[in-house]
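# my questions concern the predicted model and sequence given below.
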Amino acid sequence: MNKLIIKSIFLSLIAMTFFSCKEGDRKQDEPAQIKKDWALVIHGGAGVITRELMTPEQDSAYRRVLNEALETGKSILSEGGRAIDAVEKTIHIMENSPLFNAGKGAVFTSKGTNEMDAAIMDGSDLNAGAVAGITDIKNPVSAARAVMEKSVHVMLSGQGASEFAIGQGLEQVDPSYFYTDHRYRQLTEAINRGKNGTVGCCALDREGNLAAATSTGGMTNKKYNRIGDAPIIGAGTYANNATCAVSATGHGEYFIRWTVAHDISALMEYGHMSLKDAAETVINGKLLKAGGTGGIIAMDKYGNIAMPFNTEGMFRGFADSEGTGAVFIYKDE
Ligand code: ASP
C-alpha cells in the first residue's frame, strides 16, 4: 500500500517537472499558441522593387499571378490536402509565368543559357530533394520532388538530373522555351539589380505538417554551372515540423555561407526564439551586417508567418484558414 502511494507521488512529481519545463520554454510574454488549420505563404523574389520602377500594369500583373498562386495552394490545403502538394502546385503557377525568375521566366547565364535550381523539403520526416543547373524541364520544382520521392539521393545536377526527371515522366521542353525578351535584355545590359523574381512557398496542412520549396533561374549573368542557395537544403530551403519552414530569395552566395534557412530553425530550436524574432535576427541582423541582400518567407508549426527582407521590396503573400490573406510588393505595405 505504502509502496503504491510513494510510486504515485513520484510519478506526479515527474509529470509536474515535465510540464513546468515545457511552460518554461515559452517566453513569459508569449501567449499560448493556437494552431491554424492550414496556412500558406509565398514569395516571388526580393530586390530593387519600388513603386517608381513599376508601371501600374506591371504592378497589377504581378499581383494577379501572386493571387492565382495563393488560390491554388488554398484550394489544396482547405480541402485537407498535404503541405508538400500545396507548395509544389503553388510554385507551378509562378514557374509557368514569364514574370518570375523560375521556370518560364528564368534569367540567363553569362553564356546566354538558362540553368535552373530548385528544392523541396517535407518537414514531417526531413525528406528533401533538389536539382541544380537543369535546362530542359518545364517545372524544376517537380524535378526536385521526384528526386526526393523516387531516388535515394537528395540532389542531382545537370544532365543527370534532367535524364532522371524525364525518366519519371516530367515534361521536357526545348531550352528555347525559357527564352524571354526582357530577361535577355537584362543579360545584354548586364542588369544585375532589379526585379529578379525567384519563387518560394511554405505551407502548413491540417495534419500539422510543414513543407517548403524554392525555384529559381539563379542570378542574371551568373557564370554557367554556378549553383545558388535555392537547391541547398539549409541555405535557401528548409522545413522541419519541430520548428519552421523557410524559403529564401536574394544573393545566394551569402545565403549559402550564412546557412540562412537552417539558422532560423536553429535559433528557434536551441535559442527558443519565436519565428518572427529568429527570422528578423538573421535577415535584418546577421545577413544585413554581412552585406547579404534578400529576404525569406517562413512559417512555424502554428501557422504564424514571417516575411522579412532587407531590400527595397519583395513580392510576397499569404493566406490561412482564419480567412485572412493578402499580397504585397513594396516595403511600405
Ligand atoms: N537566391 C537566388 C540565387 O542566388 C537568386 C534570387 O533569389 O534572386 O540563385
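Right, received. Where do you want to start? Numbering: from 1, shown residues only.

# how about the residue in the stretch 101-250 of the chain positioned nearest to the ligand, secondary structure?
Closest residue of the stretch 101-250 of the chain to the ligand, CB to the nearest ligand atom: residue 228 (2.4 Å). The C-beta positions use only the backbone N, C-alpha and C, and glycine is treated the same way. Three-state call for residue 228 (DSSP: H, G, I helix; E, B strand; the rest coil): coil.

# now residue 93
Residue 93 ends up helix, using three-state DSSP.

# OK, contacts around it?
65, 68, 69, 72 (CB atoms under 8 Å, 6 or more residues apart in numbering).

# which two of the residues you listed have the greatest separation?
65 and 72 (10.6 Å; CB to CB).

# that older thread, please spell out the ChimeraX selection for the buried subset of the contacts of residue 93.
Selecting only the buried entries of the contacts of residue 93 in ChimeraX, with 16 or more other CB atoms under 10 Å as the criterion:
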select :65,69,72
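
# contact residues of the chain facing the ligand?
Contacts of the chain with the ligand, taken as CB under 6 Å from any ligand atom, map to 45, 196, 198, 216, 218-219, 228-230, 236, 249-250, 252.

# let's see 8 Å
By CB under 8 Å from any ligand atom, the part of the chain that sits against the ligand consists of 45-47, 101, 117, 196-198, 214, 216-219, 222, 226-230, 236, 248-253, 255, 294.

# now these: which count as buried?
For these, buried by 16+ other CB under 10 Å: 45-47, 101, 117, 196-198, 214, 216-219, 222, 226-230, 236, 248-252, 255, 294.

# what residue ranges in the stretch 101-250 of the chain score low on pLDDT?
190-195 (pLDDT under 70).

# ranges for the helices of it?
Taking DSSP state H, counting those that start in this stretch to define them, one finds helices in the stretch 101-250 of the chain at 140-150, 158-167, 181-188.

# tell me which of these is the most buried.
Highest mean neighbour count of those: helix 140-150, a mean of 25 (counted as mean count of other CB atoms under 10 Å).

# in PDB, could you pull the C-alpha coordinates for that one?
Taking Å, rounded to 0.1, in the frame of the first residue of the first chain, the C-alpha atoms of helix 140-150 are listed here in PDB:
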ATOM      1  CA  PRO A 140      12.000  22.300 -61.900                       C
ATOM      2  CA  VAL A 141      10.200  22.100 -58.500                       C
ATOM      3  CA  SER A 142       8.600  18.800 -59.700                       C
ATOM      4  CA  ALA A 143      12.100  17.500 -60.700                       C
ATOM      5  CA  ALA A 144      13.200  18.300 -57.100                       C
ATOM      6  CA  ARG A 145      10.200  16.400 -55.800                       C
ATOM      7  CA  ALA A 146      10.900  13.400 -58.000                       C
ATOM      8  CA  VAL A 147      14.500  13.300 -56.600                       C
ATOM      9  CA  MET A 148      13.000  13.400 -53.100                       C
ATOM     10  CA  GLU A 149      10.500  10.700 -53.600                       C
ATOM     11  CA  LYS A 150      11.900   8.500 -56.400                       C
END
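
# what sits against the residue of the stretch 1-150 of the chain found nearest the ligand?
Nearest residue of the stretch 1-150 of the chain to the ligand (CB to the nearest ligand atom) works out as residue 45 at 5.3 Å. With contact taken as CB under 8 Å, 6+ apart, residue 45 is in contact with 100, 101, 195, 196, 197, 198, 199, 249, 314, 315.

# okay then, goodbye and thanks.
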